[in-house]
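A.B. asks: okay, predicted coordinates and the sequence, questions at the end:
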Amino acid sequence: MKIKGKKPKITKKKKGGSWLKALLLAIFIIFLVRYFVFQTYLINSTSMAGNLLPGDWLLINKAAYGTRLPITPLTLPFTPYRSSHSSPKYYLKWISLPYYRLPGYSYIKRNDIIAFNYPEEEDVPVDKRIVYLKRCVAIPGDTLKIVNSNLIVNRKKIKIENVRFEYLVKVKSNKLSQSVINKYQLNEGVEISNYGEYDLFLSVEQADKLKKENEIAGVERELKTSHYDFGYVYPHDPGLGWTLDNYGFVVIPKAGEKIILNKRNLSIYRDMLEKYENCTISVSHDSVYINNIPVKNYFFKNNYYFVLDDNRDNAKDSRLWGFLPESHIIGKVSIILISFNPSASGISKIRWNRTLTIHF
């Protein structure tokens with residue numbers, strides 16, 4: 001004989017508590033994934049134009065090179081990357097942890113597009129500095145030189161697709177037609193005179209095709225070889241005679257390997273030695289002293305990288321601020337989730353041909 005009893009009732013309080021636990025668990029999991037595995041980033045500049053465009057919404061893989069553990073742990077969850085000096089700061093500097101990176105499943109390779117914290121923003125904790133995206137063109141131990149805008153790494157000429165340069169474009173009719181602007185997607189540059197002269201940023205392929213248009217009178221590359229650039233590029237030493245188009249020869253420092261150090265090349269490495277290697281530098285009677293000891297070479301403790309923008313003449317890359325320390329690297333750009341054209345509207349705003357593309 002079955003004894004009938006009352007079924008236990010699920011009260012609203014228990015239901016509410018269950019949903020709250022599930023919600024908190026979901027938020028916690030999302031937080032872990034976002035902080036340690038993936039994070040999104042929206043492109044808002046043209047520095048990588050040619051391969052990455054304003055409006056590209058990207059997925060950054062933090063685990064690829066090994067997740068960098070929090071340096072400033074007192075941070076408001078789910079806040080965006082800082083993209084400019086005026087961006088809000090959602091953190092407190094009360095606690096600061098040493099740099100440490102978990103093991104990754106890949107190494108940083110030449111040609112990878114990487115996300116990193118801008119080294120020159122020195123008044124902000126490393127992991128809270130402005131985030132930049134650049135192409136890694138040289139890794140620790142490499143040699144690098146730029147000759148007449150040609151990139152040479154380990155004495156081999158490197159070709160990167162869709163790299164842009166600055167061109168002077170002259171139009172026969174004094175006005176560039178909208179049809180040509182649309183045809184070649186001439187979305188970066190300005191009209192510089194009333195006589196049909198434009199300052200445009202183009203890839204070599206774009207420039208070659210533009211020359212063949214009937215309305216175009218001339219297309220000429222604006223070389224960055226002026227002596228006014230000598231003190232403009234890193235390491236801001238006019239004596240080197242370096243420009244954006246003719247840069248180096250430099251050796252990229254690698255942890256555990258030595259680099260010859262003398263009065264002639266000290267300006268190239270001094271910034272790294274003082275900021276990231278904790279060295280005190282002085283020069284006396286043509287000899288270099290590190291921590292008051294005369295040296296002829298130095299074994300670096302950390303790895304460094306050299307990054308370039310694909311939009312070479314409208315750039316803010318290693319040619320201007322120097323070598324990138326490994327401690328500043330966040331992760332690898334792995335996929336364009338979706339792309340929006342800022343100048344379009346409605347459904348045409350979505351660039352379907354760039355959405356969910358992997359080509360890095």
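C.D. replies: Perfect, I can see it now.
A.B. asks: Asp208 sits in which helix or strand?
C.D. replies: In this structure, Asp208 sits in helix 204-210 according to DSSP states H and E.
A.B. asks: show me the protein divided up by domain.
C.D. replies: 38-142+303-360, 164-221, 258-299 (automatic domain parsing).
A.B. asks: tell me the average confidence for stretch 67-84?
C.D. replies: The average pLDDT for stretch 67-84 rounds to 83.
A.B. asks: helices or strands up against the lengthiest strand in the chain?
C.D. replies: Looking across the chain with DSSP state E, the single longest strand is strand 329-339. When contacts are defined as 3 or more C-beta pairs under 8 Å, 6 or more residues apart in numbering; DSSP states H and E, strand 329-339 sits against strand 38-42, strand 56-61, strand 113-117. In short, each C-beta sits where N, CA and C put it, glycine included.
A.B. asks: centre of the chain to it, how far?
C.D. replies: Centroid displacement of strand 329-339 relative to its chain, using C-alpha atoms, centre = their mean, to the nearest Å, is 11 Å.
A.B. asks: angle of that strand against strand 113-117?
C.D. replies: Here the directions of strand 329-339 and strand 113-117 differ by 120 degrees (axes from the mean of the first three to the mean of the last three C-alpha atoms, to 10 degrees).
A.B. asks: which residues does strand 329-339 contact?
C.D. replies: Applying C-beta atoms under 8 Å, 6 or more residues apart in numbering, the external contacts of strand 329-339 come out as 39-41, 52-53, 55-65, 67-68, 106, 108, 112-117, 131, 133, 305, 350-351, 354-358, 360.
A.B. asks: for this protein, which residue is closest to the average position?
C.D. replies: In the chain, the centroid-proximal residue (C-alpha atoms, centre = their mean) is Leu133; its distance is 2.2 Å.
A.B. asks: so which residues of the stretch 51-200 of the chain form strands?
C.D. replies: Assigned by DSSP state E, counting those that start in this stretch, the stretch 51-200 of the chain shows strands spanning 56-61, 113-117, 131-138, 143-147, 150-153, 156-158, 164-171, 189-191, 197-203.
A.B. asks: hmm, who's touching the last one?
C.D. replies: By C-beta under 8 Å, 6+ apart, the surrounding residues in contact with strand 197-203 are 46, 49-50, 162-171, 176, 184, 186, 188-192, 210, 219, 222, 311, 313-314.
A.B. asks: can you give me the neighbour number for Asn292?
C.D. replies: 7 (other C-beta atoms under 10 Å).
A.B. asks: contacts only, for it.
C.D. replies: Each residue near Asn292 by C-beta under 8 Å, 6+ apart is listed here: 280, 282.
A.B. asks: the lowest-mean-pLDDT helix or strand in the chain vs strand 38-42, what angle?
C.D. replies: Least confident helix or strand of the chain, by mean pLDDT, DSSP states H and E, is helix 12-36 with a mean of 72. Here helix 12-36 runs at an angle of 70 degrees relative to strand 38-42 (the same axes, to 10 degrees).
A.B. asks: helix 12-36: which residues count as buried?
C.D. replies: Residues of helix 12-36 classed as buried by neighbour count (16 or more other C-beta atoms under 10 Å): Tyr35.
A.B. asks: which of the strands of the stretch 51-200 of the chain comes out lowest on mean pLDDT?
C.D. replies: Taking the average pLDDT of each of the strands of the stretch 51-200 of the chain, the minimum falls on strand 189-191, with a mean of 87.
A.B. asks: could I get the strands of the stretch 51-200 of the chain in a markdown table, plus columns for distance to Thr79?
C.D. replies: Below are those laid out as a markdown table (distance: least, C-beta to C-beta, whole Å):
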| stretch | distance to Thr79 |
| --- | --- |
| strand 56-61 | 15 |
| strand 113-117 | 15 |
| strand 131-138 | 12 |
| strand 143-147 | 35 |
| strand 150-153 | 36 |
| strand 156-158 | 37 |
| strand 164-171 | 32 |
| strand 189-191 | 34 |
| strand 197-203 | 32 |
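A.B. asks: for the helix holding Asp208, name the packing helices and strands.
C.D. replies: On a contact count with 3+ C-beta pairs under 8 Å, 6+ apart, helix 204-210 meets strand 164-171, strand 216-221.
A.B. asks: any idea which of those strands is most buried?
C.D. replies: strand 164-171 (a mean of 21; mean count of other C-beta atoms under 10 Å).
A.B. asks: now Ala344: how far from Gly189?
C.D. replies: Distance of Ala344 to Gly189, given as C-beta to C-beta, to the nearest Å: 19 Å.
A.B. asks: more neighbours: those two, which one.
C.D. replies: Gly189 (19 against 12).
A.B. asks: ok, that one - contacts?
C.D. replies: 169, 198-201.
A.B. asks: let's go with 10 Å and repeat that
C.D. replies: Counting by C-beta atoms under 10 Å, 6 or more residues apart in numbering, Gly189 touches 46, 166-169, 176, 181, 198-202, 314.
A.B. asks: how much space between it and Ala207?
C.D. replies: According to C-beta to C-beta, Gly189 stands 12 Å off from Ala207.
A.B. asks: need the strands for the stretch 251-360 of the chain, in chain order.
C.D. replies: 258-260, 281-284, 287-290, 293-295, 297-299, 304-308, 324-325, 329-339.
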